[in-house]
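Visitor: with the input below, show me the fold.
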Amino acid sequence: MAEKTPTQLIDSFDRRIDYVRLSVTDRCDFRCTYCMAEEMTFLPRSKVLSLEEIARIAGVFVQLGVAKLRVTGGEPLVRRDVTTLFQQLGALLDNKGLKELAVTTNGSQLVRFAPALRAAGVSTLNISLDTLNPDRFRALTRTGTLAHVIAGIDAALEQNFPRIRLNAVVLRGNNEDDVLPLLDFALNRGLDIAFIEEMPLGQVNMAGKPLEFLPSDTILRGVEQHYNLESEGAPDHSGPARYWRVDGSSTRMGLISPHSNNFCGSCNRLRVTAEGQLLLCLGNEHSISLRDLLRDGASDIELSNAIVTALNDKPKQHVFDQPDQPQIMRFMNASGG
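Guide: Here you go, the predicted structure:
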C-alpha cells in the first residue's frame with residue numbers, strides 16, 4: 001500500500017501548526033545591534049538552501065496544512081534572484097492551500113522590489129523601523145540610512161499591500177523615547193505597528209551581552225497616557241502580537257512580549273533557517289536538517305514524515321529568563337527573523 005502524506009501538523013501539546021517562516025539568507029545590508037555582531041562570518045553559499053530547495057520545502061509544508069508562509073532573513077531582498085522564489089510561492093496561493101504570503105524586511109530594498117512582491121501575491125509586509133532619528137538609526141543599524149527605509153515604506157504603500165506593519169524593537173535606555181513618534185508615524189500613514197521586547201539570542205551588543213529589554217506593559221502604560229486604546233483580545237493566528245486599536249483609527253498597536261507575557265501556549269509556528277534547519281522553537285535548539293534530507297534524495301513524503309516526527313520534540317515554551325547571559329548562542333539573523 002502506498003504511504004500516505006500527512007495533511008496537518010499537530011504537536012504533542014495539541015497545537016496546530018499552520019504558519020512557517022522561511023529564511024532565504026543569513027546576510028543583511030544592516031548590522032543591527034540586537035540582531036548580529038558588527039563583524040559577521042556568514043554561511044558559505046554551499047550550505048545555504050537553493051531557491052529551488054526552499055520552494056520545494058514550502059510546497060511540502062502547504063501540503064501539510066500550512067496556510068501562511070513568511071519569507072525572512074537576514075534581509076530576504078538581498079538574496080540574488082529572490083523574486084523568482086516569490087513567484088513560485090505565489091503559485092501556492094488559493095487552490096494549492098496557501099492563504100497568506102508575507103515578508104519581513106528592513107525596508108532598504110523596497111523601492112526596488114515592492115512592485116514585484118505585490119505582483120507575486122505577497123499580501124503582508126512587516127518592516128523594521130526602530131527610530132525616526134537618523135543618527136540613532138545609523139547607530140542601531142550600524143550601516144543603514146533612515147531615508148532609504150522611509151522611501152521603501154512609502155513605495156510599499158503605493159502598491160496597496162493589504163497589510164503593512166512596522167516592527168520596532170524597544171531597548172531600555174536607547175530608543176524608548178521613540179515609541180510615541182513611531183506610533184504617530186504609523187497613524188499618519190495608516191499602518192499597524194508592533195513594539196517588541198528584545199529576544200536574548202547571541203552576544204550582540206558592545207559589551208558582549210544583550211541589551212536590557214523594556215517590558216511591554218511599560219510601553220502600554222506610556223501610550224495610554226496619550227491615546228485611547230481598545231484591546232482586540234488574544235493574539236490571532238497571524239503571530240504572537242497582542243493588539244490594541246488606536247483612537248478608533250485603522251491603526252493597531254501590537255505588543256510582542258517574549259519575556260513579560262509568554263505567548264507559547266498559542267504557538268502555531270515553525271522556522272526554517274537559510275541552511276535548512278527546521279527550528280521547532282526560537283528559544284530552544286531543537287532542530288533537524290531538511291537540507292540534508294533533500295540532498296540525500298528524500299521524497300516529498302519522506303520530508304513530510306520527517307517534519308511530522310520532528311514536531312514531537314517541539315517544546316511547550318521557550319525560557320527567556322536569564323537576563324545576564326543569552327540562552328541561545330544563535331544570532332537572530334541565523335534564526336530566520
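Visitor: give me the phi and psi for the nearest residue to Asn106 once chain neighbours are set aside.
Guide: Sequence neighbours aside, Ser128 is the residue nearest to Asn106 in space, at 4.9 Å (criterion: Cβ to Cβ, 6 or more residues apart in numbering). Glycine gets a C-beta too; all of them are placed from N, C-alpha and C. Dihedral pair for Ser128: phi -70, psi 130, per degrees, to the nearest 10.
Visitor: do the one 4 residues further on as well
Guide: Reported as degrees, to the nearest 10, the phi and psi values for Leu132 are phi -110, psi 10.
Visitor: how many neighbours does it have?
Guide: Leu132 has 16 neighbours, counted by other Cβ atoms under 10 Å.
Visitor: listing partners with orientation, what would you give for the longest strand along the chain?
Guide: Secondary structure of the chain per DSSP state E: the longest strand is strand 163-170. If you go by DSSP bridges, strand 163-170 pairs up with strand 124-128 (parallel), strand 192-197 (parallel).
Visitor: can you give the distance of the longest one from its chain's centre?
Guide: Right, strand 192-197. Relative to its chain's centre, strand 192-197 lies at 12 Å (Cα atoms, centre = their mean, to the nearest Å).
Visitor: now do it: everything it contacts.
Guide: For strand 192-197, the surrounding residues in contact (Cβ atoms under 8 Å, 6 or more residues apart in numbering) are 126, 163-170, 179, 182-183, 185-186, 213-216, 219, 241, 243, 251-260.
Visitor: tell me the secondary structure at the closest residue to Gly276 other than its chain neighbours.
Guide: In space, and not counting its chain neighbours, Gly276 is closest to Arg291: 2.7 Å by Cβ to Cβ, 6+ apart. Under DSSP: H, G, I helix; E, B strand; the rest coil, the three-state class of Arg291 is helix.
Visitor: dump the residue contacts of Arg291.
Guide: Taking Cβ under 8 Å, 6+ apart, one finds 47, 49, 53, 275-277 in contact with Arg291.
Visitor: that one and Leu270: what is the separation?
Guide: 15 Å (Cβ to Cβ, to the nearest Å).
Visitor: and the closest residue to Ser231 other than its chain neighbours, backbone torsions?
Guide: Computed as Cβ to Cβ, 6+ apart, the closest residue to Ser231 that is not its neighbour in sequence is Trp244, at 5.4 Å. Backbone torsions for Trp244, taken as degrees, to the nearest 10, come to phi -130, psi 130.
Visitor: for stretch 41-51, buried residues please.
Guide: Within stretch 41-51, the residues that qualify as buried are 42-43, 48-49, 51, counting by 16 or more other Cβ atoms under 10 Å.
Visitor: name the SS class of Ser249, please.
Guide: Secondary structure, three-state DSSP: Ser249 is coil.
Visitor: wait, it sits on Leu187?
Guide: Yes: here Ser249 reaches Leu187: they are 6.0 Å apart, a contact under Cβ atoms under 8 Å.
Visitor: can you list the weak-confidence ranges in the stretch 1-150 of the chain?
Guide: 1-5 (pLDDT under 70).
Visitor: show me where pLDDT drops low in the stretch 151-300 of the chain?
Guide: 200-212, 234-238, 261-263, 265, 283-285.
Visitor: now the strands: where do they sit in it?
Guide: In the stretch 151-300 of the chain, the strands defined using DSSP state E, counting those that start in this stretch lie at 163-170, 192-197, 229-231, 242-246, 252-256, 269-272, 277-279, 287-289.
Visitor: show me what the fourth one is packed up against.
Guide: Read it as strand 242-246. In this structure, strand 242-246 makes packing contacts with strand 229-231, strand 252-256, judged by 3 or more Cβ pairs under 8 Å, 6 or more residues apart in numbering; DSSP states H and E.
Visitor: closest to Val20 out of the ones you listed?
Guide: strand 252-256 (18.1 Å; Cβ to Cβ).
Visitor: list the neighbouring strands of the closest one plus their orientation.
Guide: strand 192-197 (parallel), strand 242-246 (antiparallel).
Visitor: and Val149, what element?
Guide: helix 146-158 (DSSP states H and E).
Visitor: how far out from the middle of the chain is that helix?
Guide: 19 Å.
Visitor: likewise stretch 293-306?
Guide: Using Cα atoms, centre = their mean, the offset of stretch 293-306 from its chain centre is 25 Å.
Visitor: not counting its neighbours along the chain, what's nearest Ile219?
Guide: Phe195 (5.1 Å).
Visitor: turn the buried ones among the contacts of strand 192-197 into a named ChimeraX selection, would you?
Guide: Only the buried entries of the contacts of strand 192-197 go into this ChimeraX selection, using 16+ other Cβ under 10 Å:
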select :126,164,165,166,167,168,169,170,179,182,183,185,186,213,214,215,216,219,241,243,251,252,253,254,255,256,257,258,259
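Visitor: show me the contacts for Gly276.
Guide: Residues near Gly276 by Cβ under 8 Å, 6+ apart: 49, 53, 57, 289-292, 294.
Visitor: filter those down to the buried ones.
Guide: If we count by 16+ other Cβ under 10 Å, the contacts of Gly276 have these buried: 49, 53, 57, 290-291, 294.
Visitor: for Pro315, state which of those residues is nearest.
Guide: Leu290 (19.0 Å).
Visitor: how near is the closest residue in space to that closest one that isn't next to it in sequence to Leu293?
Guide: Excluding the flanking residues, the one nearest Leu290 by Cβ to Cβ, 6+ apart is Gly276, at 4.6 Å. Using Cβ to Cβ, Gly276 is found at 8 Å from Leu293.
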